[in-house]
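Engineer: Here is the input, now give the coordinates:
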Amino acid sequence: MLMVAVLLLPLGANDVRRVRAAVDARNAFNRSAEAVLAGLPPGKAIVFVSYPPSQNPHVALTRNEPDLASAPQWLVYDRGAENAALRALAPDRAAYRLDAATMRIERLP
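Structural biologist: Okay, the predicted model is just below:
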C-alpha cells in the first residue's frame with residue numbers, strides 16, 4: 001500500500017501544480033480587470049464587456065448586482081446593437097466598452 005502511494009505521489013503533485021496555475025491565471029485576469037475599472041471616473045457607469053472567442057466561458061467579469069439602482073458600475077456582456085436598449089434604461093450612467101482580450105476600456109458616445 002505504501003509503495004502504491006509513493007508511486008502515485010508525483011502524479012498528485014503535478015495535478016496540484018496545474019490547478020494552482022489555473023487559479024493564478026483566473027485571478028490575474030480578474031486583478032487586471034479590477035485595475036482598469038478602478039481607473040474609471042467616479043460616478044455611475046455601464047461597462048459592456050466584450051470577450052474574445054477563445055475566452056474561457058467560466059472566467060467572466062459580468063455580475064448580477066442585487067440592487068441595480070445603487071450599484072456604481074454595471075458590468076454586462078457586450079451585445080452589440082442590443083446595448084442601446086440597456087443604455088436607454090439608465091441614461092444617467094456613463095457607458096464604456098471593455099475589451100477583455102486587451103484590458104482596454106473606451107468611453108462610448
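Engineer: ranges for the strands of this structure?
Structural biologist: Shown for the chain, the strands assigned by DSSP state E span residues 45-50, 73-77, 94-99, 104-107.
Engineer: and among those, the most buried is which?
Structural biologist: Among these, the stretch with the highest mean neighbour count (mean count of other Cβ atoms under 10 Å) is strand 45-50, at a mean of 20. (Each C-beta comes from the backbone N, C-alpha and C, glycine too.)
Engineer: Run through who's touching that one.
Structural biologist: 37, 40, 60-62, 72-79, 83, 86-87, 90, 93-100, 105, 108 (Cβ atoms under 8 Å, 6 or more residues apart in numbering).
Engineer: quick one: average confidence on it?
Structural biologist: Averaging pLDDT along strand 45-50 yields 97.
Engineer: CA-only coordinates of it in PDB, if you can.
Structural biologist: Backbone C-alpha positions of strand 45-50 (Å, rounded to 0.1, in the frame of the first residue of the first chain) are rendered in PDB as follows:
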ATOM      1  CA  ALA A  45     -21.400  53.600 -15.300                       C
ATOM      2  CA  ILE A  46     -22.400  50.700 -17.600                       C
ATOM      3  CA  VAL A  47     -19.400  48.700 -18.700                       C
ATOM      4  CA  PHE A  48     -20.100  46.500 -21.700                       C
ATOM      5  CA  VAL A  49     -17.500  43.700 -21.600                       C
ATOM      6  CA  SER A  50     -16.600  42.100 -24.900                       C
END
